[in-house]
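1. Give me coordinates for this.
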Amino acid sequence: MKRQQANRRPVIATLAVVIAVLALCCVAAIVVLLPKMRATETTSGPTTADQRSATLTIAYSPEKTALVKDLAATFNARKLRTPDRQAMSVELVEMTPEEMVTQALSGQPAFQALTPDSSLWLDQLNRRWAQSQTQAEPGAIAPRLVGEPVRYAVTPIVIAAWADAARSLGWPDQPVGWSTLQTRAQQDPSFKWSHPSTAHASGLLATLAEFYAGAGVQRGLTAELAQDPRTAAFVSAVEKTVRYYGEGEMAVIQRAATDGPKYLDAFVVSEQLVVAFNTGAFGQPPADLIALYPSEGTLWADHPLALLETAEITANQRRTFQALREFLAEPAAQTKILNAGYRPADLNIPLDSPGSPLTAANGVNPAEPQTTLQLPTPDVVSVVQNVWALTKRKTNVFLVVDTSGSMRGEKLSNAQAALRTFLAQIPSDQERVGLVEFNSGVTNIIELDTLASNRAVLTDAIDTLEAGGNTALLDAVRTAYSRLQRQADLDRINAIVAMTDGRENASAVSLRQLTAEIQAGNQDVPVVIFCVAYGSDADYELLQSLADASGGQVRQGTTETIRDLYKILSSYF
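-> Got it, this is the predicted structure:
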């Protein structure tokens, strides 16, 4: 018995040592894991590794892609470092200003700084951010999401016109303004001009300039002046001559590069894009563009750079932002900006410097504009947008919808979502919308009416669409076109948005016959046709023929992009 007990003592001792070692390991593991657990539970900002990051991600608007990439590459090549030896660098993400605002307000942006085309977007962002926060004390300063911006490049908003069209407007001997466009378009129905909707900076800045012209002032536009009946009457008269609106100046300039003078006679863009166009940035120019500076005055796209003031921004990212600010102010960077067709923020750099593209040969005049208008306060801008919605040219638009058998399943459900998006993006109940559904024939027609009367009817029809049968696209387009011709409404934009995913195989009318009817009818009542080629099986050439006959355009859509495409198309109305 004693021998058995003696034999157990080493075993027990060994077990005790093992248990002790295991206990120590467990304690060590707990000690190591606890900080990580606590960090996960209590921290929503950067991880420990990220807290020293000096990489600054900047969202930039697409019209200045080449310039921003050049500036970022030059800055990064300097290989600057923070005091704790972290490499300062700039990364870029292209994004529309509207997307910048949406992401910033979401609380999870993919960037720490942003450079849209106009301070209008920063004002809107700060305003919406302040509205989303807890009600502040009376008289307290509203919270801001973006810090004080730096402006490194500016460019005036101009009316771009083909050289022949510019001469017909009186250039270069006479001043050209908004009234000139109105008069010309009224006297010559074939004259086509346009500006983007106020959802885009160039469109909103142009509209603000129209309100200034209508009010007869150059500074201090107020809500009262913007709502004055005389101002509204002037703006309404100008806007009623717009051929149609659009999604932004980049889309317009690219279309002008493709289609040339047959597209539009004149359109609103920034001066820099006129320079880029004439110097071949979009390919060989089909003709020369001339920048016309509105005689009543114009506003500027000021291309601000601002930092998001969030808890996630690291001290080193702030250092990178400050270093970038200093770099952009340097003469070398400002010269790059001038050479890209912008006007540098540094007024010490002459616009006629050697190599400057701001020349008459490139369609611009560095001595213009003679009159610069003052950017109104955010509250006044909001009033102008609301008044513009009432004074803008209204629309008669038919949605022509394919419900043939090939649309079954995901295609149809995504198309329905896209159509709902289109309606939702047209807030004014005064717009007139109709619908023509087709498969083996025209199967359903919702007659044109104001959205005040038929928004619910259209929504119900969209919700109950079913797929089956063949594809009578041409008959459906003809049905919508005939109804718009019978309306004979010259005060409104008349349009068709036609979508198909397949090839025409069931119509009574031929393509040749229909395009001839469109070309003849458009002499009296212009109807523009926007075609959506939904998927790779759609007959793109047929759709292009319909668009060309009407002065419209074709867009390619997929199940993933169809909703965004209809959202874009809604901006034309």
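2. show me the contacts for L264.
-> Going by CB atoms under 8 Å, 6 or more residues apart in numbering, L264 touches K192, W193, S194, R243, V252, A256. Placement of C-beta: from N, CA and C, glycine included.
3. What number of residues are in the vicinity of the closest residue to the last one other than its chain neighbours?
-> Here the nearest residue to A256 in space, its sequence neighbours aside, is Y263; by CB to CB, 6 or more residues apart in numbering that works out to 5.5 Å. Counted with other CB atoms under 10 Å, the neighbours of Y263 add up to 19.
4. Can you check the pLDDT for Y263?
-> You'll see Y263 listed with a pLDDT of 93.
5. same check, this time on R483
-> Per-residue pLDDT puts R483 at 98.
6. Just confirm it is within a strand.
-> No - R483: not assigned to a strand; according to DSSP: H, G, I helix; E, B strand; the rest coil it is helix.
7. How much space separates the closest residue to it other than its chain neighbours from A256?
-> Computed as CB to CB, 6+ apart, the closest residue to R483 that is not its neighbour in sequence is L448, at 6.4 Å. To A256, L448 is 31 Å away according to CB to CB, to the nearest Å.
8. These two: which has the busier surroundings?
-> Higher neighbour count among L448 and A256: A256, with 24 against 20, using other CB under 10 Å.
9. residues contacting the more buried one?
-> A160, Y263, L264, F267, F277, P286, L289.
10. Next step: those residues restricted to helices.
-> Using DSSP state H, the members of the contacts of A256 that fall within helices are F277.
11. Let me have the contacts of A256 in a markdown table, adding distance to R325 as columns.
-> Listed next are these as a markdown table, based on distance: CB to CB, whole Å:
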| residue | distance to R325 |
| --- | --- |
| A160 | 32 |
| Y263 | 39 |
| L264 | 38 |
| F267 | 34 |
| F277 | 30 |
| P286 | 40 |
| L289 | 33 |
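12. what's the closest of the contacts of A256 to A418?
-> Nearest to A418 among the contacts of A256: Y263, at 25.3 Å, using CB to CB.
13. quick one: secondary structure of the residue nearest to R483?
-> L448 is classified as strand under three-state DSSP.
14. got it, and D524?
-> Quick answer, by three-state DSSP: D524 is coil.
15. What is the neighbour count of it?
-> D524, neighbours per other CB under 10 Å, totals 10.
16. most neighbours, which of the contacts of A256?
-> L289 (30 neighbours).
17. just the strands in the stretch 251-400 of the chain please.
-> Assignment of strands within the stretch 251-400 of the chain using DSSP state E, counting those that start in this stretch yields the ranges 266-270, 289-292, 300-301, 304-307, 343-344, 395-402.
18. coming back round to it: show me the contacts for the residue nearest to A256.
-> K192, R255, A256, G551.
19. Can you select the buried ones among those for me in PyMOL?
-> Burial among the contacts of Y263 is assessed by 16 or more other CB atoms under 10 Å; the matching PyMOL selection reads:
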select buried, resi 192+255+256+551
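20. who are the neighbours in contact with G147?
-> A306, L307, E309.
21. and which of those is nearest T479?
-> When the contacts of G147 are ranked by distance to T479 (CB to CB), A306 comes first, at 50.5 Å.
22. could you measure the closest one against D123, distance?
-> 11 Å.
23. These two: who's more crowded?
-> Neighbour tally, A306 and D123, criterion other CB under 10 Å: the higher count belongs to A306, 24 against 18.
24. So that one versus L92, what's the distance?
-> With CB to CB as the criterion, A306 and L92 are 15 Å apart.
25. try E504
-> 43 Å.
26. Among the contacts of A256, which pair sits farthest apart?
-> So, the contacts of A256 by CB to CB: farthest apart are F267 and P286, at 14.2 Å.
27. And stretch 343-353, how far out from the chain middle?
-> With CA atoms, centre = their mean, to the nearest Å as the basis, stretch 343-353 stands 29 Å off its chain's centre.
28. Using PDB, write out the CA atom coordinates for it.
-> Taking C-alpha atoms only, stretch 343-353 is exported to PDB below (Å, rounded to 0.1, in the frame of the first residue of the first chain):
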ATOM      1  CA  ARG A 343      -8.300  78.700 -64.500                       C
ATOM      2  CA  PRO A 344      -5.800  78.400 -61.700                       C
ATOM      3  CA  ALA A 345      -6.800  79.600 -58.200                       C
ATOM      4  CA  ASP A 346      -3.500  81.500 -58.000                       C
ATOM      5  CA  LEU A 347      -4.300  84.900 -59.700                       C
ATOM      6  CA  ASN A 348      -0.500  85.500 -60.100                       C
ATOM      7  CA  ILE A 349      -0.400  83.000 -62.900                       C
ATOM      8  CA  PRO A 350      -1.400  84.800 -66.100                       C
ATOM      9  CA  LEU A 351      -4.000  83.100 -68.200                       C
ATOM     10  CA  ASP A 352      -2.000  83.800 -71.400                       C
ATOM     11  CA  SER A 353       1.100  82.000 -70.000                       C
END
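29. what residues are up against the residue nearest in space to the middle of the chain?
-> When CA atoms, centre = their mean is applied to the chain, the residue found nearest the centroid is T96 (4.9 Å). The contact partners of T96, taken as CB under 8 Å, 6+ apart, are S61, P62, G248.
30. phi, psi of it?
-> phi -70, psi 150 (degrees, to the nearest 10).
31. any idea of the pLDDT on it?
-> In this model, T96 carries a pLDDT of 93.
32. what does P427 give?
-> Reported pLDDT for P427: 86.
33. Give me the spatial nearest neighbour of it, chain neighbours excluded.
-> Nearest to P427 is A389, by CB to CB, 6+ apart, at 7.2 Å.
34. pLDDT averaged over stretch 194-211 - what is it?
-> 95.
35. Oh, that last question was meant for stretch 240-250, not what I typed.
-> For stretch 240-250, the per-residue pLDDT averages 94.
36. Okay, now it: how far is its last residue from its first?
-> 23 Å (CA to CA, to the nearest Å).
37. Identify the residues contacting it?
-> 62-63, 96, 181-182, 185-186, 192-197, 200, 202-203, 252, 264, 268-270, 273, 392-393, 491, 493, 495, 526, 528, 568, 571-573.
38. quick one, helices of the stretch 251-400 of the chain?
-> Applying DSSP state H, counting those that start in this stretch to the stretch 251-400 of the chain gives helices spanning 271-278, 315-329, 331-339, 378-391.
39. Now do the shortest one: which elements does it pack against?
-> Identification of packing neighbours for helix 271-278 by 3 or more CB pairs under 8 Å, 6 or more residues apart in numbering; DSSP states H and E yields strand 153-162, helix 249-259, strand 289-292.
40. Alright, I will stop here.
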